[in-house]
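Colleague: sequence first, then the predicted structure, then my questions.
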Amino acid sequence: MKFLFVAINSKYIHSNPAVRILREYALAHDPSIPEGELCILESTINNPFEEILSNVCEQEPDVVLLSCYIWNWNVMRRLAQEISERLPDAVIWAGGPEVSFESEKILRENSWLSGIMQGEGEESCLKLIQSFRAGNPLYGILAGGEVQMAELPFIYSEDAQESFQNKILYYESSRGCPFSCSYCLSSVSRRVRIRPWEKVEKELDFFYRAKVKQVKFVDRTFNCDHEHCQRILRWILGHDNGVTNYHFEIAGDLLNEEEIALLAQMRPGQVQLEIGVQTTNPDVIKEIRRTMDLDKLSSNVEKIRQGGNVHQHLDLIAGLPLEDFSSFRKSFDDVYAMRPDQLQLGFLKVLKGSYMAEKAADYGIVYMDEAPYEVISTRWISADEIKLLKRVEDVLEVYFNTHQFEASIKALENCFDSAFNMYEQLADYIQMMHYDLHGPTRLDRYQILLRFAMQTNPEKEVLWKEALTLDYYRREKAKKRPPFANDRKPYEKQVRLFYEEGLPKRDHVDLFTYSVWEEETRRLDPPAFLDFDYDHLSPLDHNAGIRIIGYLQEENHLL
Ligand code: SF4
């Protein structure tokens, strides 16, 4: 028999560990199953639908197992329907968080599905495969039990190293979360199960030896068990291959001094942290049943930031109950003031099976009928305000999270009483001018920012242009000089001398009259030459290293 696990990821760089775990678990627990009977087909939502469909059909599976998530459910549903038409004898089962709740309704509405595996899939998938192979096929709903963490297979191997090169490798060292945030499915089971250390240690050693680029821990709150968290951090610290980056989702307020001290010793770029803040309004925190000591979180984020070696990604959620526009504005400013490396502005998703879904009507939450079930409005925030926040999110992604405009944004911030106001006005300006933030050339985004800055304060033209020039060249050695950069002719001779004296040809040199790279920008007299070193990129933001290499000689004065 042929069983085909179908995974559709949201991006090429992602992979689906779930289907691999299910396959390996079944093979490990039932040696009578030939490896060749369990196949995996992995694709992304960006692949043409017809291509995915024909790849499934070409394999002529007897049983198709769809791995369903919020981002692929609409494609999976369509796929199931089309497969049932092209391969009428194939049996189609679905599993994953997207079908684990309201399963009966999903089965009723999607008659081409023969069954749904609810919850954790390892045990139920094995049972399902065995039932088909024994000639007593199961249909309907199969509820999964909690699997022992020691029983989970490790899905990466030396032989398959090539297949996961340039991919994020997902790793699970614990399951469950002790907290109960009302919008989150991880809160359904509050029991945390931890993988035995002997196994974790061996697996970390595999990542270390294989020089994997990034290992993303899918543990819901990595640091909820201090002993487990510290063991892993200590191991990573003692085994740095100079390449591997580890991503952890943590509760920022739970970090203790020992963990902060361990983090402070990591190689720059070795660890990145994702910290959910969601809101800074205490009433909202209480209403969403979240446990969070905001002062502790903020002070821990600052301690880590001072180390300058760990990338911190902070999350906010718009559309939470009790949070109106002005409260969200304050949450944004509070989190922005923590100076994260990235600030992700997300929107509430009302997930089936969550407490938020039960309370949605009471809260007056209007949300999309289809995945991703995102908030449209609530009793506290209007649809127009949510739309405005979407535009702010877009602007924030481009101008803050990419790190391509650091100096320019820092300079602009001084003209506004709040960071949110700045991004809001920038978003409004872009809309009013009908600019396309996602146009084909990177230069457009710099030009848009310059026009906005000029409209904000035309007297600072030189400062705006120098900040943009710095940002532009820190990202790459551009072949064509951007129109906002100064005229090089008057000082070209002096620049040539730097190269003649040994400066690498691949470096770029530019002249600045303001120290736009410093925390506090000051006027430079005489103007300074800045070297952009593309051989020494920052491991945190990938911008070129910079240093002053000389000052403008008087005879070349141009400004
Ligand atoms: S949002 Fe995070 S902390 Fe809250 S229940 Fe979910 S996983 Fe746990």
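Modeller: Perfect, I can see it now.

Colleague: neighbouring strands of the worst-scoring helix or strand of the chain on mean pLDDT in the sheet, and parallel or not?
Modeller: None of the helices or strands of the chain scores lower by mean pLDDT, DSSP states H and E than strand 168-171, at a mean of 92. When pairing is defined by DSSP bridges, strand 168-171 lines up against strand 214-217 (parallel).

Colleague: packing partners of the host helix or strand of Glu198?
Modeller: Glu198 belongs to helix 197-210 when elements are defined using DSSP states H and E. Packed against helix 197-210 by the contact rule (3 or more Cβ pairs under 8 Å, 6 or more residues apart in numbering; DSSP states H and E) you find strand 168-171, helix 226-238. Using the backbone N, CA and C atoms, a C-beta is placed for each residue, glycine as well.

Colleague: outside of that helix, which residues touch it?
Modeller: 150, 154, 156, 158, 161, 169, 171, 173, 215, 228, 231-232, 235-236, 239, 241, 244 (Cβ atoms under 8 Å, 6 or more residues apart in numbering).

Colleague: need the buried ones from those selected in PyMOL.
Modeller: For the buried members of the contacts of helix 197-210, the matching PyMOL selection, counting by 16 or more other Cβ atoms under 10 Å, is:
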select buried, resi 154+156+169+171+173+215+228+231+232+236+244
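
Colleague: for Asp89, see how far away the residue in the stretch 201-350 of the chain that the ligand sits nearest to is.
Modeller: Closest to the ligand within the stretch 201-350 of the chain is Arg220: 3.7 Å, counting by Cβ to the nearest ligand atom. Per Cβ to Cβ, to the nearest Å, Arg220 is found 40 Å from Asp89.

Colleague: just Tyr367 next, same as before
Modeller: Counting by Cβ to Cβ - Tyr367 and Asp89 are separated by 38 Å.

Colleague: between the two, which is the more surrounded one?
Modeller: Comparing Tyr367 with Asp89 by other Cβ atoms under 10 Å, the one with more neighbours is Tyr367, at 21 against 8.

Colleague: how about the more buried one, nearest residue that isn't a chain neighbour?
Modeller: In space, and not counting its chain neighbours, Tyr367 is closest to Val350: 4.5 Å by Cβ to Cβ, 6 or more residues apart in numbering.

Colleague: tell me if I'm right that that neighbour and Asp369 touch.
Modeller: No. The pair Val350 / Asp369 is not scored as a contact, 10.5 Å apart, by Cβ atoms under 8 Å.

Colleague: more crowded one of those two?
Modeller: Neighbours were counted for Val350 and for Asp369 using other Cβ under 10 Å; Val350 has more, 21 against 5.

Colleague: so what's that one up against?
Modeller: By Cβ under 8 Å, 6+ apart, the neighbours of Val350 are Tyr183, Met356, Ala357, Ala360, Ile365, Tyr367, Tyr373, Glu374, Val375.

Colleague: the longest strand seen in the chain: which residues count as buried?
Modeller: Scanning the chain for the longest strand, with DSSP state E as the assignment, gives strand 523-537. With burial defined by 16+ other Cβ under 10 Å, the residues of strand 523-537 counted as buried are Leu524, Pro527, Ala528, Phe529, Leu530, Asp531, Phe532, Asp533, Tyr534.

Colleague: mean confidence (pLDDT) on it, please.
Modeller: Here strand 523-537 scores 96 as its mean pLDDT.

Colleague: do the same with stretch 464-481
Modeller: 96.

Colleague: how about the CA coordinates for that stretch, as PDB?
Modeller: Extracted C-alpha coordinates of stretch 464-481, given in PDB (Å, rounded to 0.1, in the frame of the first residue of the first chain):
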ATOM      1  CA  TRP A 464      18.100  63.200   5.800                       C
ATOM      2  CA  LYS A 465      20.200  62.600   2.700                       C
ATOM      3  CA  GLU A 466      23.200  61.500   4.700                       C
ATOM      4  CA  ALA A 467      21.200  59.200   6.900                       C
ATOM      5  CA  LEU A 468      19.700  57.600   3.700                       C
ATOM      6  CA  THR A 469      23.200  57.400   2.100                       C
ATOM      7  CA  LEU A 470      24.500  55.600   5.200                       C
ATOM      8  CA  ASP A 471      21.600  53.100   5.200                       C
ATOM      9  CA  TYR A 472      21.800  52.600   1.500                       C
ATOM     10  CA  TYR A 473      25.500  51.700   1.400                       C
ATOM     11  CA  ARG A 474      25.400  49.700   4.600                       C
ATOM     12  CA  ARG A 475      23.200  47.200   2.900                       C
ATOM     13  CA  GLU A 476      25.300  46.800  -0.200                       C
ATOM     14  CA  LYS A 477      27.900  48.300  -2.400                       C
ATOM     15  CA  ALA A 478      25.600  49.800  -4.900                       C
ATOM     16  CA  LYS A 479      27.000  50.100  -8.500                       C
ATOM     17  CA  LYS A 480      24.900  53.200  -9.100                       C
ATOM     18  CA  ARG A 481      25.100  56.200  -6.800                       C
END
